[in-house]
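# I'd like to go over a predicted model; first the sequence, then the structure.
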Amino acid sequence: MKDGVYYSDYLQLDKILKAQMLESDKSGKVHAHDEMLFIIIHQSYELWFKQVLYEVGSVMDIFAKGKISDNSPDLYTVHHRLKRVVTILHMLVGKIDILETMTPLDFLDFRDMLRPASGFQSIQFKLLEALLGLKMESRHGKEYYISQLRPEDAQVIHDAEKTKPLIALVNEWLERMPFFDDAKYWQGMDTNSFWDKYKEVYSASLADGEKNNLLVFEEQLLSNVSKPEWSLSPKARRAALFIMLYRDYPLLQLPFGMLNVLLEIDEGISIWRYRHMSMVHRIIGMRTGTGGSTGKDYLSGALAKHHIFSEFAALTSFLIERNKLPQLSPSLKEKLGYNS
């Protein structure tokens, strides 16, 4: 056989296929058949987390350039890679089906041998949350979020939280929406008068029980003051809402896809959390996790609280019917149709 790349060498299968070391096979212990499944599932999760981090990291590098055109290969690349992340998340949810073939008694055969190891110590998952934009002060159980990590692993998370996360980079991209600050596209209507008109139509669309929405609309979109707990500035929110409203124009279809894929990532992680929580409840009931967490109760709290892109989802509260949208100027329509 000619020299060259060999399949098993290229994939380093010798290392990978010998990396399943069962605690139950150690001296003096009783072999637990399902421990092999447990290890392989979690090893494969970590491999896919590595791929997700690889994709998200490349997207953040593109956004960090400072200028990204809405009509360029860059935005398409970003959207394509984030869609890949969504597909991976869907696949990770499916892996829980395999893990659920392990019964509670099967798990008890080796569960106590794992202490204090826990999925709570997954550095890659915590790193992903930090890079996407989950803030420490927004975390459920933040008082012990990194307490169980080795010092060098805790430092990795601390360092990640000092970098500008994806949500902040997306915020800056939205604030740079090119035609918003260019009067030539508005022809007698500046952006302020556009939003005044929009506010009038939106207010008229609200039911009696929704009148408080108008105050939120004014605070979150029309103000120029951001609150520390917000991930999106009012300017970025205005741009995102404009994209949602006029997404049928060619120039806004890809930006709308960008906003939608971020919501799909949030949804994918939430579905995974829900399935994980349900599986934990089924397998260990109300017992604590091997790492000392409250088990199902902790997972339930994280599911409710750990939404990174929820501010985009909240913008749907401010939509109006298509047939009531304010008319755009001919020059702006031309710009949005790729004809500028």
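Arrived safely, thanks for sending.

# for the stretch 1-150 of the chain, give me the ranges with low pLDDT.
Counting by pLDDT under 70, the stretch 1-150 of the chain shows low-confidence ranges at 1-2, 69-71, 136-145.

# show me the helices in it, by range?
Secondary structure of the stretch 1-150 of the chain, counting by DSSP state H, counting those that start in this stretch: helices at 7-10, 13-16, 35-63, 73-99, 104-108, 123-132.

# now the helices for the stretch 201-340 of the chain?
According to DSSP H, counting those that start in this stretch, the helices that the stretch 201-340 of the chain contains are 212-217, 234-245, 250-284, 296-305, 310-314, 330-336.

# list the buried residues of the last one.
Within helix 330-336, the residues that count as buried by 16 or more other CB atoms under 10 Å are 331-332, 335-336. To be clear about C-beta, it is placed using only N, CA and C from the backbone, and glycine gets the same treatment.

# repeat that for the longest one.
By 16+ other CB under 10 Å, the buried positions in helix 250-284 come out as 251-252, 254-273, 275-277, 279-280, 283-284.

# could you dump the helices of the stretch 201-340 of the chain into CSV with distance to M91 added?
As requested, the helices of the stretch 201-340 of the chain are arranged in CSV below (distance: least, CB to CB, whole Å):
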stretch, distance to M91
helix 212-217, 37
helix 234-245, 28
helix 250-284, 10
helix 296-305, 20
helix 310-314, 23
helix 330-336, 36
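
# out of the ones you listed, which gets nearest to A19?
helix 250-284 (22.9 Å; CB to CB).

# Y249 touches L325, doesn't it?
No. The pair Y249 and L325 does not pass the contact test of CB atoms under 8 Å, sitting 11.3 Å apart.

# which one of these two has more residues nearby?
When Y249 and L325 are compared for neighbours, Y249 comes out ahead with 17 against 14, by other CB atoms under 10 Å.

# quick one: residues contacting the spatially closest residue to the more buried one that is not a sequence neighbour.
What sits nearest to Y249 in space, not counting adjacent residues and going by CB to CB, 6 or more residues apart in numbering, is L336, at 3.6 Å. Neighbouring residues of L336 by CB atoms under 8 Å, 6 or more residues apart in numbering: 179, 246, 249-252, 328.

# nearest to V170, of the helices of the stretch 201-340 of the chain?
If we rank the helices of the stretch 201-340 of the chain by CB to CB, the stretch that ends up nearest is helix 250-284, at 6.9 Å.

# and the average pLDDT for the closest one is what?
The average pLDDT within helix 250-284 is 89.

# got the angle between that helix and helix 234-245?
On the basis of axes from the mean of the first three to the mean of the last three CA atoms, to 10 degrees, helix 250-284 is oriented at 100 degrees to helix 234-245.

# just checking, what packs against helix 250-284?
For helix 250-284, the packing partners by 3 or more CB pairs under 8 Å, 6 or more residues apart in numbering; DSSP states H and E come out as helix 73-99, helix 104-108, helix 234-245, helix 296-305, helix 310-314, helix 330-336.

# make a markdown table out of those helices and add distance to K18.
Formatted as a markdown table, these follow (distance: least, CB to CB, whole Å):
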| stretch | distance to K18 |
| --- | --- |
| helix 73-99 | 22 |
| helix 104-108 | 24 |
| helix 234-245 | 49 |
| helix 296-305 | 32 |
| helix 310-314 | 43 |
| helix 330-336 | 57 |
